[in-house]
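[1] here you go, sequence then predicted model.
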Amino acid sequence: MKEQVEVRELKEGRYVIIDDEPCIIKSISHSKPGKHGSAKARVDAIGIFDNQKRSVVSPVTAKTYVPTVERRTGQVLSVSDNSVQLMDMGTYQTVDVPITKDDKPKLEQGKEVPYLSVMGRTKMDLR
């Protein structure tokens, strides 16, 4: 799920979709309007799922998409080598979430952990 907003409404720390990938905004810089042009904004962001740096330059009046990011809590049901099975505490549905080797020691059965749900994909939100 996503909604459309103008580039001037974006802020650091919020989310934006660049190249069909949800990203978190790290910096925004605005330029003044020129003699024949409109003001431009440069948005630098990092992908939520792939950690790739992306940037886009567009007029501040241009439209862009912002993803709907849901922060949820789930209880760990089982942990395998590269994924964990969670039961959502609100809807009681089970969700398989991919994890890294660094996240595996932090997870144990029965523990409640936060996770993100963005555009039909999930990611652990361990900090």
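    That came through, no problem.
[2] residues in contact with the one residue sitting closest to the centre of the chain?
    In the chain, the residue lying closest to the centroid (C-alpha atoms, centre = their mean) is I48, at 4.2 Å. Contact analysis of I48 by C-beta atoms under 8 Å, 6 or more residues apart in numbering lists 15, 21-24, 69, 116, 118, 123. Using the backbone N, CA and C atoms, a C-beta is placed for each residue, glycine as well.
[3] let's go with 7 Å and repeat that
    For I48, the contacting residues are 22-24, 116, 118, 123, by C-beta atoms under 7 Å, 6 or more residues apart in numbering.
[4] S83 and D96 touch, don't they?
    Yes - the criterion here is C-beta atoms under 7 Å, and S83 meets it with D96 at 5.2 Å.
[5] ends of stretch 105-123, what's the gap?
    In terms of C-alpha to C-alpha, to the nearest Å, the two terminal residues of stretch 105-123 are separated by 16 Å.
[6] now it: how far from the chain's centre is it?
    Put simply, stretch 105-123 sits 14 Å off its chain's centre (C-alpha atoms, centre = their mean, to the nearest Å).
[7] for this protein, what spans make up the strands?
    Secondary structure of the chain (DSSP state E): strands at 2-6, 15-18, 21-30, 40-47, 53-59, 63-67, 69-79, 83-88, 94-98, 112-118, 121-124.
[8] of those, flag the one that's most buried.
    strand 15-18 (a mean of 20; mean count of other C-beta atoms under 10 Å).
[9] using PDB, list the CA coordinates for that one.
    Coordinates of each C-alpha in strand 15-18 appear next as PDB, following Å, rounded to 0.1, in the frame of the first residue of the first chain:
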ATOM      1  CA  TYR A  15       9.800   6.700   4.000                       C
ATOM      2  CA  VAL A  16       9.700   7.000   0.200                       C
ATOM      3  CA  ILE A  17       9.600   4.700  -2.700                       C
ATOM      4  CA  ILE A  18      12.500   4.900  -5.100                       C
END
